[in-house]
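Enquirer: Mind folding the following:
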Amino acid sequence: MFSTLVESRPKSVRRPAGTIASFIAHYGLILGAVYTSAQATTVGERNRVEKVEYIEPTKVPEIPRNPPPDLVVAPRPIRSDRMLVAPVDIPDVLPEIDLRQPITDPNAFIRPGSTADEPRAGSSALPSDTATLFAFQVERPAMQAPNSASPVYPDILRKAGVEGEVLVSFVVDTAGRIDVGTFRVVRTTHDLFAAAVKSVLPRMRFIPAEVGEKKVRQLVQQPFSFAIVK
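Expert: This is a model prediction of the structure:
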């Protein structure tokens with residue numbers, strides 16, 4: 001019964017024509033499957049339709065607002081100034097000028113605290129010894145004497161190399177001395193410079209001002225400069 005083994009049978013020899021036919025058959029099946037899959041995907045994509053739905057937003061009810069109050073119009077301000085009205089008739093002739101009348105107010109140059117009867121420069125009456133005049137009211141203004149004392153440069157400012165100036169005002173009496181009580185600092189670059197000027201005032205001497213060859217008191221405004229000489 002089992003006298004002949006399976007493995008003992010002679011092997012069949014495949015022919016080249018059969019191998020080629022089998023390869024062609026399998027290759028055709030593979031191409032058919034690929035083409036069918038591609039057609040199925042394309043048809044599926046073409047037939048797909050997207051559905052878009054529009055959802056209307058919910059309207060928020062408006063909150064009623066209070067109506068604006070009635071506007072009150074303020075009355076126009078009353079003009080208190082007088083309006084300038086151009087003259088209708090413009091004169092073409094200059095009015096007559098009386099040269100005998102004074103053009104300048106005689107009280108325009110009176111210093112505060114003085115009276116109109118106080119004599120001024122160029123007047124026939126001489127001023128009193130207690131009257132204090134300005135430089136424009138005297139014939140010869142007060143001048144610092146050549147041998148007068150001078151302010152001393154503050155040592156601390158000199159060492160620091162600080163320079164500056166002081167503008168002061170004071171009254172020079174008829175004796176050429178300075179009334180220290182009238183000393184005023186107009187401007188200064190440093191307080192020590194002003195203090196140096198104030199300390200030397202009692203030792204300073206001036207040539208007093210004169211009006212009609214009479215010595216008078218004068219308000220003097222004088223600058224002092226502090227510079228380091230190299």
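
Enquirer: any low-confidence regions in the chain?
Expert: When residues are selected by pLDDT under 70, those of the chain lie in 1-18, 37-50, 52, 54, 60-61, 63-84, 87, 98-126, 129.

Enquirer: ranges for the helices of it?
Expert: Secondary structure of the chain by DSSP state H: the helices cover 16-47, 155-160, 191-200.

Enquirer: most tightly surrounded among those?
Expert: Of all these, helix 191-200 has the most neighbours on average by mean count of other C-beta atoms under 10 Å, namely a mean of 17. No exception for glycine: its C-beta is placed from N, CA and C like everyone else's.

Enquirer: what's the distance between residue 182 and residue 154?
Expert: According to C-beta to C-beta, to the nearest Å, residue 182 stands 23 Å off from residue 154.

Enquirer: Also residue 58?
Expert: Residue 58 sits 87 Å away from residue 154, going by C-beta to C-beta.

Enquirer: now the helices of the chain in JSON lines, with distance to residue 128?
Expert: Shown next, in JSON lines, are those (distance: least, C-beta to C-beta, whole Å):
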{"stretch": "helix 16-47", "distance to residue 128": "125"}
{"stretch": "helix 155-160", "distance to residue 128": "42"}
{"stretch": "helix 191-200", "distance to residue 128": "28"}
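
Enquirer: Among these, which comes closest to residue 172?
Expert: Nearest to residue 172, of all the helices of the chain, is helix 191-200, at 14.3 Å by C-beta to C-beta.

Enquirer: packing partners for the closest one?
Expert: helix 155-160, strand 164-172, strand 178-188, strand 214-226 (3 or more C-beta pairs under 8 Å, 6 or more residues apart in numbering; DSSP states H and E).

Enquirer: List the contacts of the longest one.
Expert: Contacts of strand 214-226 with the rest of the structure, by C-beta atoms under 8 Å, 6 or more residues apart in numbering, involve 126-127, 129-135, 138, 141-142, 144, 151, 153-154, 157, 163-174, 179, 182, 186, 193, 196-197, 206, 208-210.

Enquirer: just the third one next, same as before
Expert: Strand 178-188 is contacted from outside by 164-173, 194, 198, 201-202, 204, 206, 217, 219, 221, using C-beta under 8 Å, 6+ apart.

Enquirer: The shortest one too?
Expert: Applying C-beta under 8 Å, 6+ apart, the external contacts of helix 155-160 come out as 164, 190, 192, 193, 226, 228.

Enquirer: didn't the fourth one look like it was pressed against residue 166?
Expert: Yes: the pair residue 193 / residue 166 is scored as a contact, 4.7 Å apart, by C-beta atoms under 8 Å.

Enquirer: residues in contact with residue 227?
Expert: residue 163.

Enquirer: 10 Å - rerun?
Expert: Counting by C-beta atoms under 10 Å, 6 or more residues apart in numbering, residue 227 touches 153, 163, 164, 165.

Enquirer: Residue 142 too?
Expert: Contact partners of residue 142, counting by C-beta under 10 Å, 6+ apart, are 133, 135, 171-174, 176, 178, 206-210, 215-220, 222.

Enquirer: change it to 6 Å
Expert: By C-beta atoms under 6 Å, 6 or more residues apart in numbering, the residues touching residue 142 are 172, 206, 208, 209, 218, 220.
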